[in-house]
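K.L.:
can't give you the sequence, but here's the structure:
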């Protein structure tokens, strides 16, 4: 031990003598040209069309590498990408609705190969069950065998409405689709470009970029195979599409044919479950001109929320986004180098009251059952009135994104003019009028009409409480406390596997959320429609709502659409069966120096306008 | 013996089969891979559910599906194992192959470090039983052992990464810090060395002055921004190492060993500039490996040259000294790389990262910069795991050594007049290592399983993250893949521990009746 | 105790320094008295015993108790975790809400006087009293710890000692069973149970985890038994005609108790951490139930903004785990006949020879 001590002495002496006294100039911030984006999900490959690869990170990255005829902006508006091409309706009758898609001349893939109408044909193979069967690629509806293109585009709206096959124009720059009828949101189902020449070359076993003429020849081979339904070649291409694009390890030895794309960025490297790096595509001309200064974008996977916040504050991330907690938001606010945008995710939290037995579940005979007539309806109204929505907003949601007004409809997102129009007259006012105190009075009066001593002997209400979620636990605690004031006693059953219990006759009330993934005009029908509505857990049925949902299959003008939504909402509110509360709060924190990044509610949420980003 | 081992392995196979069957069914009934889709409002929901059902063969009931899974796994015997595909589209086998090295890098290093540190401190606390040092180390060990790892991670990131990086912008060490570090270091050294009150305070003052002035000098010279040791410090430290190693290994009385150690330490310093030249021009892992080989060969020759009889301990001492002092040269090289590393665009003067295995933006061809990047990324997670892990080793090492020190053979060794060093190092320490070895083996088996939470909070994609991903994402194939690796390792490690125990401790017979 | 069988060895030592003092001290005392005496000399252990007793008392008397469902014992704390008092706005640092009202700085030092205030630990997002939540969490975590610990300790010691003592076929079968249990990861069991039966509550989860957490201890105990049963004093006892039961309980177990106690205390503090880890992943105690682990994992984000939400439950976890470990340390020293305690200065001065010998011996 003696030596350690003397060694320490010597170290001190020697260190002071030996070290050169060189004071460094303070650190200078270099001009950045890179953006590191946080994601909670792991990358799943280059093809987002498989059932296993569909994820937000895939669509964020796909938006960088691919440009089509249109994209969503941050206001949920569908913007036409006229640089890439144009589309117009060329025939509009009730039974024959045709749209022509034309690629603008001169657009190129990242390997220089021109983009033509041929590149739009793969969409049909991926969407039409009929084509898959006819070309011998397998029946996508089969439960036992996989189709050659093992995607999830089959059996969908496209397949149900397309007539015949897309028609390629003689100059091979346009494709015309024919639909059964003017279907709603037809512009979402149009074709997108795919580098078919690369897929043919990959299917033929090539492992490097080819000459321009070889690329064009490959494209021709695809067209021939497509037209003649050449099962052998198409199957090979299907294998490439389904299996080769799922790579998550990408580096200099990766086959460059796999990386051919037409977006502003191309994938340079990827480390599985860790990160993916994209660099600027020098040949990019398929979308708005790059006005920014970013030349590298990295997606970094951090699953732990706190870790991501700390990484942001340590400068390891430029963009953080997620469903944060109030404390995470407060922590983010303390980081001086970032801007915070409180946003909303398209996830709607709502309370449902059991109305009738649901098929396949234990029968429901509780107090809210429709068999209870006027009494049950009064109780339902009282219950919904007693949900302290303002308090829930103020205590749980506002600390995260500052929004204090509860939702009044789930047809359109708050903040739009349509939303305000609908809310004014859809019947939701009954639940927003006055203060919670006055609403409590109304509710108590409704309850006491049937249960005069409800305050002493409260009505027991069984509620299914989704487990493992602190926010829902808090929401339940608030609801329980306030509903006690109007004569209800909430009995919570906490279940982690609550999804399977929805609709069970054991419960009088449910609260959970559903995700809205698109902006089609009938989107909420999949929840609210009473025949075939997927999330319908309360056994509720209303012919008015169903009728509206059928009508929404056809494209209609915005004003008429709003009227339809109002009609449906009125029916729903009149029966007092469901009440929306809030949209889940989202938070994005962006490096202050990074300009132009505007988070959008729809996917791709972060990367939709990458060409405008700059430092 | 061979028959016994084969029989045991056969039984282990059956055990694995049984537990995997149970786990598969448990996991299958508890997870609902379609849960997300059921709550989705996607118009193409049914098609997606169909595709996923087909993909994961969900229409086969779990007990039967297990055998489909097992058939793939048994492909191991024909060299084509198939663990199925995870929900993320990756073959489970590929995921495992990627995760295991990452986990080994992170958790193995931390476990080894925790074991070495823990055993060292454990031994010192046992030798100074009921001293201030013993009490304070016990307290610290228990304190660290009681901390949840994600908590430690949050604190480490806040103070050692974020605050430290902020501090590096203008690295002026405040006066109270200098004093604080001095006080802490004084307390540490005084407690370790112990002795009478006078010795305690002398040590305290010496250590306090030395550390505070060292910190002050380092602060004033901007050493933190451009650190290095330089040949003089390397020389001084090497001589210290030579003395220290010789003392612990064979005792300073052994002049030949001391001479050999000092020679190799001197040689390491002589090689300082040539080594740096190689580092600058021909840096690669292979070259460094060759240099280490050359170093060991030289050490062996020097050791042999100095000794006539009892050669092995002297050669051993020389090799240890050589490796340790050569390490100083390597450390110095990394220190020199610190400044260019911080100046890169990707690092931008924030060198301590909080997440990840490496910086994705750093695209440096420089061997030293990229390796320093790996080291800085290892820093916090290794530290977190070590801090939490070494408490157990301290307690076990202390307990075992105390136990051994009370054995009759130690009394005999002392009675026949052996020096305290010989008694401790030769007799007590070696017997302490018997139970420690079995604990280590079991711990390493656990290592392969990864550190679920640590890997997740530091965003490392090892086995732990994979396991967590499997549990959270209700990914049965992935879960079973992770299970297969960890379970196999666990049973094998226990088997090895049994064999090791009986091999090291002749009093124990294992497996006689099995 | 081994002391008996080793009497001949020890008797030669009676004259030598330290042992002389020690042996004199325990003359005429029963085993229990010796253990108690030694334990109470371990200062850290005594402090820990006091700490943990206080924590248990404070936590379990905070809320109303029902004895046999009839007699109601009122809790001493004014809030329960279910109450929803007004959230404290306005006067908190950094625009936060619900900050703690506890004050330890007396008025004359510029503080607000010593007092608990309405919400000593602050309030959570919706206004629930955080002290009440921490107390409920402590109750849960302590129960989880005790249940896991006692089940695992019992199983581990029983299986380990049977396997180690009887060896042969019994050992082989038991150890293969241990192998079987080891292969099933506790965290996966926890998550499966947490997902399926999360509502069955913390104690059920603890029982289940306890059934899986004993394997390490059993291997350790078995190792001890394998080693001890070969020792001379066991042979001596056997030659003297002692029964297996007597050999196990009187000769081997007391000698293994040190290792067992250390492992069990590590196991106990390990249990509280396992619960924390599971809660962090989301499969431990599920909201709206509360545990200490759940609270800190829920509020780890609040570390820089509302640190009290992070520190208070953390403080209780650490206090409990630390106390358990120190008590274990004290117990081990007290039980182990061969451990020597520190000799106080006065005692040293009393015997100069003792001092010399002690130095040579230590």
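P.N.:
That came in fine, so what should we check first? Note that the coordinates shown come from a computational prediction; the quantities given were computed from them, not determined experimentally.

K.L.:
residue ranges with poor pLDDT in chain C?
P.N.:
C:1-27, C:66-69, C:88-91, C:94-95, C:103-115, C:191-200, C:336-362 (pLDDT under 70).

K.L.:
can you point me to the longest helix in it?
P.N.:
Using DSSP state H to define each element, chain C has its longest helix at helix C:130-166.

K.L.:
Does the helix or strand that comes right after it reach chain B?
P.N.:
Next along the chain after helix C:130-166, taking DSSP states H and E as the criterion, comes helix C:168-183. Yes. With Cβ under 8 Å from any Cβ of the partner chain as the criterion, chain B is reached by helix C:168-183 at C:168, C:169, C:171, C:172, C:175, C:176, C:178, C:179, C:180, C:182, C:183. Backbone N, C-alpha and C define where each C-beta goes, glycine included.

K.L.:
Other residues contacting helix C:168-183?
P.N.:
Residues from elsewhere that reach helix C:168-183, judged by Cβ atoms under 8 Å, 6 or more residues apart in numbering or on different chains: B:11-12, B:15-16, B:18-20, B:483, B:486-487, B:490-491, B:494, B:498, B:511-514, C:159, C:162-164, C:212, C:214-215, C:218-219, C:222.

K.L.:
relative orientation of the longest helix of chain C and helix C:168-183 in degrees?
P.N.:
150 degrees (axes from the mean of the first three to the mean of the last three Cα atoms, to 10 degrees).

K.L.:
list the buried ones in helix C:130-166?
P.N.:
Of all the residues in helix C:130-166, those buried under the rule 16 or more other Cβ atoms under 10 Å in any protein chain shown are C:130-153, C:155-157, C:159-166.

K.L.:
where in chain B is pLDDT low?
P.N.:
In chain B, residues with pLDDT under 70: B:35-45, B:89, B:194, B:445-450, B:505-514.

K.L.:
In it, where's the longest helix?
P.N.:
Assigned via DSSP H, chain B shows its longest helix as helix B:367-405.

K.L.:
Which positions within that helix qualify as buried?
P.N.:
By 16+ other Cβ under 10 Å, the buried positions in helix B:367-405 come out as B:367-373, B:376-405.

K.L.:
if I pick residue 313, what's in contact with it?
P.N.:
Went with chain A since none was named. A:331, A:334, A:335, A:337, A:338, B:162.

K.L.:
looking at chain C here, not the other one
P.N.:
C:134, C:137, C:292, C:295, C:296, C:299.

K.L.:
quick revisit: check which element follows the longest helix of chain B along the chain.
P.N.:
Counting by DSSP H and E, the element after helix B:367-405 in chain order, helix or strand, is helix B:408-415.

K.L.:
So what's the gap between that following helix and the chain middle?
P.N.:
Distance of helix B:408-415 from its chain centroid, counting by Cα atoms, centre = their mean, to the nearest Å, is 35 Å.

K.L.:
is chain C contacted by that helix?
P.N.:
Yes. Residues of helix B:408-415 contacting chain C under Cβ under 8 Å from any Cβ: B:408, B:414.

K.L.:
helices or strands up against that helix?
P.N.:
Helix B:408-415 makes packing contacts with no helix or strand when contacts are defined by 3 or more Cβ pairs under 8 Å, 6 or more residues apart in numbering or on different chains; DSSP states H and E.

K.L.:
now the contacts of helix C:168-183: which count as buried?
P.N.:
B:11-12, B:15-16, B:19-20, B:483, B:486-487, B:490-491, B:494, B:498, B:511, B:514, C:159, C:162-164, C:212, C:214-215, C:218-219, C:222.

K.L.:
Could you tell me which of those residues belong to helices?
P.N.:
B:11-12, B:15-16, B:19-20, B:483, B:486-487, B:490-491, B:494, B:498, C:159, C:162-164, C:212, C:215, C:218-219, C:222.

K.L.:
Give me the residue at the spatial middle of chain C.
P.N.:
By Cα atoms, centre = their mean, chain C has its centre lying nearest to residue C:324, at 3.2 Å.

K.L.:
quick one: contacts for that residue?
P.N.:
Shown in contact with residue C:324 (Cβ under 8 Å, 6+ apart): C:48, C:52, C:145, C:265, C:268, C:269.

K.L.:
What is the neighbour count of residue B:456?
P.N.:
Per other Cβ atoms under 10 Å in any protein chain shown, the neighbour tally for residue B:456 reads 27.

K.L.:
Does stretch B:489-506 reach chain C?
P.N.:
Yes. Using Cβ under 8 Å from any Cβ, stretch B:489-506 comes into contact with chain C via B:490, B:491, B:494, B:497, B:498, B:501, B:505.

K.L.:
The second one reaches residue B:17, doesn't it?
P.N.:
The reference is to residue B:491. No. Residue B:491 is not in contact with residue B:17 according to Cβ atoms under 8 Å; the separation is 11.5 Å.

K.L.:
got the residues of the stretch 251-400 of chain A near chain C?
P.N.:
Neighbours of chain C within the stretch 251-400 of chain A, by Cβ under 8 Å from any Cβ: A:305-306, A:309, A:324-328, A:330-331, A:334, A:395-396, A:399.

K.L.:
One more pass at 6 Å, please.
P.N.:
Residues of the stretch 251-400 of chain A found near chain C (Cβ under 6 Å from any Cβ of the partner chain) are A:306, A:325, A:327, A:328, A:330, A:331, A:395.

K.L.:
Switch the residues you listed over to a markdown table; also include neighbour count, pLDDT and secondary structure.
P.N.:
Output for these, formatted as a markdown table (neighbours: other Cβ atoms under 10 Å in any protein chain shown; pLDDT from 0 to 100; DSSP: H, G, I helix; E, B strand; the rest coil):
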| residue | neighbour count | pLDDT | secondary structure |
| --- | --- | --- | --- |
| A:306 | 22 | 83 | helix |
| A:325 | 24 | 76 | coil |
| A:327 | 26 | 79 | helix |
| A:328 | 23 | 81 | helix |
| A:330 | 20 | 81 | helix |
| A:331 | 23 | 81 | helix |
| A:395 | 22 | 85 | helix |
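
K.L.:
Same list (those) but as TSV, adding distance to residue C:78.
P.N.:
Converted to TSV, these look like this (distance: Cβ to Cβ, whole Å):
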residue	distance to residue C:78
A:306	33
A:325	28
A:327	26
A:328	31
A:330	28
A:331	31
A:395	21
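
K.L.:
how about the strands in the stretch 501-615 of chain A?
P.N.:
Secondary structure of the stretch 501-615 of chain A by DSSP state E, counting those that start in this stretch: the strands cover A:509-515, A:578-591.

K.L.:
And the residue lying closest to residue A:207 once chain neighbours are set aside, how close does it get to chain C?
P.N.:
Excluding the flanking residues, the one nearest residue A:207 by Cβ to Cβ, 6 or more residues apart in numbering or on different chains is residue A:255, at 5.1 Å. According to Cβ to the nearest Cβ, to the nearest Å, residue A:255 stands 38 Å off from chain C.

K.L.:
Run a quick neighbour tally on residue B:237.
P.N.:
Using other Cβ under 10 Å, residue B:237 has 22 other residues around it.
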